[in-house]
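In: I'd like to go over a predicted model; first the sequence, then the structure.
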Amino acid sequence: MDKRKAVKFMLSNLSTDHFADFCDELLHRKEEPRVARNRVEGKSFLEITEVLISTYNETGAVEVAAEVLNEIQCNKEAAELLKATGLQP
């Protein structure tokens, strides 16, 4: 699956609480590049997809999204995202 579409699909299927947790964890990542608060707060899953792609490129967006998903205990979603994009066998 196309990486952009896979990230968008994954974000669109998170519960409201998990999406909020995802955005919060994304803001608090220590690794560079970091995402500014005004690029994340109050944004839709479509806008967050664009933030991830523009900040990390397509492959990096998948890797960061999977990392954040694991941090918020959405391990199944992280594994599915990596598998759908061919980054995990």
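Out: Perfect, thanks for sending it. Numbers count the residues shown, from 1 in each chain.

In: Excluding covalently adjacent residues, which one is nearest to the residue positioned nearest the centre of the chain?
Out: Note on the chain: the residue nearest the mean C-alpha position is Ala65, at 2.9 Å, using C-alpha atoms, centre = their mean. The spatially closest residue to Ala65, leaving aside those adjacent along the chain, is Val7, at 5.4 Å (C-beta to C-beta, 6 or more residues apart in numbering). Bear in mind the C-beta positions are built from the backbone N, C-alpha and C, glycine included.

In: which residues in the protein form strands?
Out: Read by DSSP state E, the chain holds no strands at all.

In: Run through it and note the low-pLDDT ranges.
Out: The chain contains residues with pLDDT under 70 at 89.

In: Contact partners for the residue nearest to the centre of the chain?
Out: Ala65 makes contacts with 7, 10-11, 22, 52, 78, 81, as judged by C-beta atoms under 8 Å, 6 or more residues apart in numbering.

In: Which parts of the protein are helices?
Out: 3-12, 16-27, 45-71, 75-84 (DSSP state H).

In: you'd agree the residue nearest to Ala65 is up against Val62?
Out: Yes - the criterion here is C-beta atoms under 8 Å, and Val7 meets it with Val62 at 6.2 Å.

In: Which neighbours do these two have in common?
Out: Leu81.

In: ok, back up a step: of the contacts of Ala65, which pair is most distant in space?
Out: Spanning the widest gap among these are Leu52 and Ala78, at 13.8 Å by C-beta to C-beta.

In: more neighbours, these two?
Out: Leu52 (26 against 21; other C-beta atoms under 10 Å).

In: Please report how far the more buried one lies from Leu14.
Out: Distance from Leu52 to Leu14, counting by C-beta to C-beta, to the nearest Å: 13 Å.

In: okay, now the spatially closest residue to Ile48 that is not a sequence neighbour: neighbour count?
Out: Spatial nearest neighbour of Ile48, chain neighbours left out: Leu11 (5.8 Å); criterion: C-beta to C-beta, 6+ apart. When neighbours are defined as other C-beta under 10 Å, Leu11 has 23 of them.

In: Leu11 and Ile72, how far apart?
Out: Leu11 is 12 Å from Ile72, by C-beta to C-beta.
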